[in-house]
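Chemist: Sequence and predicted structure, then a few things I'm wondering about:
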Amino acid sequence: MKLYDELAEWWPLFSAPANYAEEAAFFARALADSGKPAPRTVLELGSGGGNNAFYLKSKFEMTLVDLSPQMLAISRKLNPECDHREGDMRTVNLGRTFDAVFVHDAIAYMTSAADLSAAIRTAYRHCRVGGVALFVPDCVRETFVAETKHGGHDGDDGRSLRYLMWVVDPDPTDTTYRTDFAVLLRDNRGDTRVVHDSHIEGVFPRAEWIRLLCEAGFEPRALTDEWGREIFVAKRPH
């Protein structure tokens, strides 16, 4: 996907760290309240450009895993004090456990039940006994809504970015939907170009999430966050 590869250097103008402050504060509370004692070490799978970690690192010792080396490079600039590892959330094995595992919207790129199960099992493998995993999908099947959004930012270096996002589900009977981005890029010379980027993302019923979390060994519960999303808090009992 171009956003995480050839356009990665534009990521801070596509999705600025400042946009994450409120959500990250909620995630920090959710993690801190998940058990006693509160988590100290947190593994984030699919950490992307590090915008959540920019806030969470003040509360936890963060280890960040992402599949894209380009996005990890962006995150290292933003979060030099965090440990960064390149890896696929379906298969990565760091050989240690953490007090908590956090998976934000990158979980949307699990497009089959097998992929989602693999990512959940990775979280379980890295979660200490008594620890917790927090999964934050954009939606479940019951809450999916086709929509359009737009955004973008101006940079201090003279560059600017604007985008239009179009979310559709061509086949509601399968486990995927499609998000298309039209991205308008203006460099610091004023030259402008347009890039189209298409993402296939996964969506699963609430019951499927619960089933897969239980199969992995978690004790899960679903709750609704402050933005109306259904998220999953899953404890590892043994």
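Modeler: That came in fine, so what should we check first?
Chemist: relative to its centroid, which residue of this structure is most remote?
Modeler: Within the chain, Arg189 marks the point farthest from the mean C-alpha position, 32.9 Å out by CA atoms, centre = their mean.
Chemist: all strands of the chain, in order?
Modeler: 41-45, 61-66, 83-86, 98-103, 127-135, 147-151, 160-168, 176-186, 192-202, 219-224, 230-235 (DSSP state E).
Chemist: Of all those, which one comes closest to Gly35?
Modeler: Checking the strands of the chain against Gly35 by CB to CB gives strand 127-135 as the closest, at 5.7 Å. No exception for glycine: its C-beta is placed from N, CA and C like everyone else's.
Chemist: what's the longest helix anywhere in the chain in contact with?
Modeler: Scanning the chain for the longest helix, with DSSP state H as the assignment, gives helix 113-126. Helix 113-126 has contacts (CB atoms under 8 Å, 6 or more residues apart in numbering) with 43, 45, 89-94, 96-98, 101, 103, 107, 110, 133, 135, 175, 202, 204, 208-209, 212-213, 215-218, 234, 236.
Chemist: Just to check, Met165 is in contact with His196?
Modeler: No: using CB atoms under 8 Å, Met165 makes no contact with His196, being 11.7 Å away.
Chemist: Find residues that contact each of these two.
Modeler: Common contacts of Met165 and His196, defined by CB under 8 Å, 6+ apart, comprise 180-181.
Chemist: Comparing these two, which residue is more hemmed in?
Modeler: Using other CB atoms under 10 Å, the more surrounded residue of Met165 and His196 is Met165, with 16 against 9.
Chemist: Enumerate every residue touching the closest residue to the more buried one other than its chain neighbours.
Modeler: Distance criterion CB to CB, 6 or more residues apart in numbering; nearest residue to Met165, sequence neighbours excluded, is Lys149 at 4.6 Å. Contacts for Lys149 (CB under 8 Å, 6+ apart) come out as 164-165, 167.
Chemist: nearest to Phe144, of those residues?
Modeler: Of the contacts of Lys149, the one sitting nearest to Phe144 (CB to CB) turns out to be Val167, at 8.5 Å.
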